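>>> I'll drop the sequence and a predicted model, then ask my questions.
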Amino acid sequence: MVYFDAASAAPLHPVARQALLAALDEGWADPGRLYREGRRARLLLDAAREAAAEAVGCRPDELVFTSSGTRAVQTGVAGVLAGRRRAGRHLIVSSVEHSSVLHSAEAHEADGGTVTRVDVDRLGAVDAGAFAAALRPDTALACLQSANHEVGTEQPVAAVAEACRAAGVPLLVDAAQSLGWERVAGDWSVLTASAHKWGGPSGVGLRVVRKGVRFAAREAEEFQSLPAIVAAAASLRAVRAEAVQEAVRLRELTQRIRVRVPELVPDVEVVGDPRRRLPGIVTFSCLYVDGEALLHELDREGFSVSSGSSCTSSTLTPSHVLRAMGVLSEGNVRVSLPAGVPEEEVERFLAVLPGAVAGVREKLGAPSAEVAETRADELVVDALGRRCPIPVIELAKVIGEVPVGGTVRVLSDDEAARLDIPAWCDMRGQEYVGEEPADRGAAYVVRRVA
């Protein structure tokens, strides 16, 4: 098997394994105790904190370890909102933040606070000016990820941090995907990350709160696994030492995928910023493909990848990231290359992918040729009760049956259709007229242009 899902969890770095095993012998005691074993453990914890702080670019006493990256986000958001309650109860997030940030925002709204969600462009990036315009006198906190976890797009953190600093508003940066590559630029106030994203062990996160930021911890810090913390800090230092050279290599490989996938597979949209992106992530969506079926097909061919598609077993709604970007969600594949991946494995993936996509499309009955034109000025496609990508497949089958200027009305109650039908129109050069109410679901109207 070839593992291409490093954005979910990177394989354990060899340095992390060595540090973990060594710390199991020396760091098993409670570092809060005064006896010899406790003092020894405390020395290990302090050394790990200093190493992590150096990698982040902060003071050691500004950094604490948490039980996960999600925990770091939750306590970071809650702590700043509680500490700045007198300043106001307004929170700003981008529309493509990790679910841990968005869930924290929802909890804040449920508790009576207000939230502004800043939109992104089709590449997945926020506009720094639009983010700055969302700042208000009662804004207590702003949140912006350093880079997106699904499409790899890097965010203008430094520019947003400058605007926040001028307004006197702390900026929390979720750096889970980028911290293993480099320090986060800009004058941010709070930073969170997760060790298993850079090759450390799972169960370790970190949270940094700069001095001067009003922060009220809602609960006491829990005792963490010291051996895991030591391994996390050691692996962070190790991957950063390798990062510059490895980033160049992975960028070349992901660029190869970005260029060749549309050449090898018809009706594909490569998403995310082609330049301002993380080194190892490339994401694309395939028309007329069920995401879950494609992932299973690639798994049978020996490749482990992930998907932000709505057509997966884990969710029946489109990825919130792809939806916010307004790009195709069906048949979505995220390839995130781990450090050290051989070039040959990327080439083998490119060789396998066309057959895997074609096989899924054939099973779903995807259109393979244009349909003869008829005189019907409007057709109605009843796709109610049928999941992505069937509504789009049925639309593609009949678009040639109406004359140029004629319309096709697709009835669908699948949430993905709201995103994928307009995306199909963009890709196929047809006009998306709009969405109309229907007895069930909605009617999506498409006008044939050519």
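Happy to help now that I have it.
>>> tell me which residues are up against stretch 333-347.
Contact partners of stretch 333-347, identified using C-beta atoms under 8 Å, 6 or more residues apart in numbering, comprise 2-8, 10-11, 150-152, 199, 239, 242, 246, 250, 253-254, 256-257, 280-286, 291, 294-295, 298, 305-309, 349. From N, CA and C alone the C-beta is placed, and that goes for glycine too.
>>> tell me the buried residues in that stretch?
333, 334, 335, 336, 337, 338, 339, 341, 345, 346 (16 or more other C-beta atoms under 10 Å).
>>> stretch 123-140 now?
Going by 16+ other C-beta under 10 Å, stretch 123-140 has these buried residues: 123, 124, 125, 126, 128, 131, 132, 134, 135, 139, 140.
>>> so what's the fifth one up against?
For residue 128, the residues meeting the contact criterion (C-beta under 8 Å, 6+ apart) are 156, 159, 160, 163.
>>> need the helices for the stretch 301-450 of the chain, in chain order.
Applying DSSP state H, counting those that start in this stretch to the stretch 301-450 of the chain gives helices spanning 320-325, 343-364, 390-398, 417-428.
>>> packing partners for the shortest one?
Pointing back at helix 320-325 there. Helices and strands touching helix 320-325, as assessed by 3 or more C-beta pairs under 8 Å, 6 or more residues apart in numbering; DSSP states H and E, are absent.
>>> the same query, at a cut-off of 10 Å, please.
Counting contacts by 3 or more C-beta pairs under 10 Å, 6 or more residues apart in numbering; DSSP states H and E, helix 320-325 packs against helix 99-110, strand 268-271, strand 281-286, helix 417-428.
>>> now swap in the last one and tell me
For helix 417-428, the contact count by 3+ C-beta pairs under 10 Å, 6+ apart identifies strand 268-271, strand 281-286, helix 320-325, helix 390-398, strand 407-412, strand 431-437, strand 442-447 as packing neighbours.
>>> which strands and helices sit next to the longest one?
Using 3+ C-beta pairs under 10 Å, 6+ apart, the elements in contact with helix 390-398 are helix 343-364, strand 378-382, strand 407-412, helix 417-428, strand 442-447.
>>> please save the CA atoms from that helix in PDB.
Provided in PDB are the C-alpha atoms of helix 390-398 (Å, rounded to 0.1, in the frame of the first residue of the first chain):
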ATOM      1  CA  ILE A 390     -26.400  10.900 -10.500                       C
ATOM      2  CA  PRO A 391     -28.200  14.300 -10.900                       C
ATOM      3  CA  VAL A 392     -25.300  15.700 -12.800                       C
ATOM      4  CA  ILE A 393     -24.900  12.500 -14.900                       C
ATOM      5  CA  GLU A 394     -28.600  12.700 -15.900                       C
ATOM      6  CA  LEU A 395     -28.300  16.300 -16.800                       C
ATOM      7  CA  ALA A 396     -25.300  15.600 -19.000                       C
ATOM      8  CA  LYS A 397     -27.200  12.800 -20.800                       C
ATOM      9  CA  VAL A 398     -30.100  15.000 -21.800                       C
END
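>>> that one vs strand 378-382, what angle?
150 degrees (axes from the mean of the first three to the mean of the last three C-alpha atoms, to 10 degrees).
>>> avg pLDDT for helix 390-398?
Across helix 390-398, the average pLDDT comes to 91.
>>> same question, stretch 289-309
Mean pLDDT, computed over stretch 289-309, is 91.
>>> mind listing what's buried in that stretch?
By 16+ other C-beta under 10 Å, the buried positions in stretch 289-309 come out as 289-295, 297-298, 301, 303, 305-309.
>>> low-confidence regions, the stretch 301-450 of the chain specifically.
309-317, 368-376 (pLDDT under 70).
>>> and residue 323, which of the helices and strands packed on helix 320-325 is closest to it?
helix 417-428 (5.4 Å; C-beta to C-beta).
>>> show me where the stretch 1-150 of the chain has its helices.
Under the criterion DSSP H, counting those that start in this stretch, the stretch 1-150 of the chain contains helices at 14-26, 36-56, 69-83, 99-110, 128-133.
>>> could you identify which of the ones you listed is most buried?
helix 69-83 (a mean of 23; mean count of other C-beta atoms under 10 Å).
>>> run the chain-centre distance for it.
19 Å (C-alpha atoms, centre = their mean, to the nearest Å).
>>> report the angle between it and helix 99-110.
For helix 69-83 against helix 99-110, the angle by the same axes, to 10 degrees is 30 degrees.
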